[in-house]
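>>> Sequence isn't available, so here's the structure alone:
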C-alpha cells in the first residue's frame, strides 16, 4: 500500500475504533509495527494530534478536531469530485444537487490558495455536453487509475502525455499528444488533445486509454478547441439539452 493511502487508512481506523494498540492498528492496516510507528510520526508532523496512553486499556487515540480533512485533499482528488458531480448533473441523475454544490463550495473555500489556483486552472479545461442517443456505449470500460493524475500534470504544467490507445476496432496504438481539454458526455469521458503527428485535434475515450505517462521534458501552448454548439464550459452550467456525439 502506498504511503498516502496507508496514512488515510490509519486515520480512518483510529476514527472508527476510538482507541487502538499499535499491534491492532498494524493488523487493521496490513503493515508492520515499525511502519506504523513511522507513519504515526509522519501524521503528527502533518498536524494530526494522536494521543498515546500506556498501560492496560491504553492505546492510540486521534483528536478528531486536529486537522481538517479538506486540508489533506489533493487538487486531483477535488477535481475528481467536481467532475463526477458535473457528470451526474449533465446526465440529470444528481439527487440533492444543492447539497452537493454546497459541499463542493465548502471544500474549495477550505483549500490553500495555491491549490485553489490549480483547481480553477483545471476547471477551465473542463467541458460538459449531452451524448447522442444513437451513440453505442455497449463496450464502455473502466478508466485507468493513473489517468486523472497524469491529465492533471499535463494540464497544469503543459506537458505532453504518452499512452496506449485502443480504437473502436480493438487496435492499440501508442500516442503522444498535447492535452487541451476534458469533455464529459455522460457516461463517456474524453481527453481532447492536439496530436502533433496527425496535425489535428483528436478525442480519446478515456476508458480506452492505458498506461498514461507524463513527459516532463516537453511543453506545448494552449490551443482553441472547436466544440459542438451544445457543449459548454464547466462554468457555464446549467446545461441546455443537446445531442453532441464523438
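Alright, I've got the coordinates. Owing to the predicted nature of the structure, the values given are computational and were not obtained by experimental measurement. Residues are numbered from 1 along each chain as shown.
>>> correct me, but residue 162 touches residue 173?
No - in terms of Cβ atoms under 8 Å, residue 162 does not count as a neighbour of residue 173; the distance is 11.5 Å. Glycine gets a C-beta too; all of them are placed from N, C-alpha and C.
>>> So for the two, which sits in the more crowded spot?
Comparing residue 162 with residue 173 by other Cβ atoms under 10 Å, the one with more neighbours is residue 162, at 16 against 9.
>>> Now for the spatially most central residue of the chain: which residues touch it?
Taking Cα atoms, centre = their mean, the centroid of the chain lies closest to residue 80, which sits 3.4 Å from it. Residues in contact with residue 80, defined by Cβ atoms under 8 Å, 6 or more residues apart in numbering, are residue 148.
>>> from what I can see residue 123 touches residue 85, true?
No - counting by Cβ under 8 Å, residue 123 stays clear of residue 85, with 11.9 Å between them.
>>> Neighbour count: these two, which is higher?
Neighbour comparison, residue 123 and residue 85: the larger count goes to residue 123, with 19 against 16 (by other Cβ under 10 Å).
>>> Look up which helix or strand the residue nearest to the centre of the chain falls in, please.
Assignment of secondary structure by DSSP states H and E places residue 80 within helix 75-90.
>>> Show me which parts of that helix are buried, residue by residue.
Buried residues in helix 75-90, defined by neighbour count with 16 or more other Cβ atoms under 10 Å: 75-76, 78-79, 81-83, 85-90.
>>> do stretch 130-143 as well
Of the residues in stretch 130-143, those with enough neighbours to count as buried (16+ other Cβ under 10 Å) are 130, 131, 143.
>>> Okay, now the unreliable bits of the protein?
Within the chain, the segments meeting pLDDT under 70 span 1, 55-57, 66-72, 90-91, 236-246.
>>> Just give me the longest strand of it.
Here the longest strand in the chain is taken by residue count, with DSSP state E as the criterion, and it is strand 172-185.
>>> Next, the angle helix 75-90 makes with it.
Angular relation of strand 172-185 and helix 75-90 on a 0 to 180 degree scale: 60 degrees, by axes from the mean of the first three to the mean of the last three Cα atoms, to 10 degrees.
>>> May I have the strands that pair with the helix or strand following strand 172-185, each with its orientation?
Counting by DSSP H and E, the element after strand 172-185 in chain order, helix or strand, is strand 188-195. When pairing is defined by DSSP bridges, strand 188-195 lines up against strand 172-185 (antiparallel), strand 200-205 (antiparallel).
>>> my read is residue 207 is in a strand, agree?
No - secondary structure of residue 207 (DSSP: H, G, I helix; E, B strand; the rest coil): helix, not part of a strand.
>>> That one contacts residue 143, correct?
Yes - Residue 207 is within contact range of residue 143, at 5.2 Å (criterion: Cβ under 8 Å).
>>> what do these two both touch?
Taking Cβ under 8 Å, 6+ apart as the contact criterion, the common neighbours of residue 207 and residue 143 are residue 189.
>>> Now do the same contact list for the nearest residue to residue 123 once chain neighbours are set aside.
Closest residue to residue 123 in three dimensions, ignoring its sequence neighbours and counting by Cβ to Cβ, 6 or more residues apart in numbering: residue 234, at 5.2 Å. By Cβ under 8 Å, 6+ apart, residue 234 lies in contact with 82, 86, 123, 124, 126, 127, 128.
>>> quick check: domain ranges of this protein?
For the chain, the structural domains run 3-67, 75-236, going by automatic domain parsing.
>>> Around residue 17, how many other residues sit close by?
Using other Cβ under 10 Å, residue 17 has 15 other residues around it.
>>> Over to it: give its phi and psi.
Dihedral pair for residue 17: phi -100, psi -20, per degrees, to the nearest 10.
>>> Please give me every residue in contact with it.
The contact partners of residue 17, by Cβ under 8 Å, 6+ apart, come to 24, 28.
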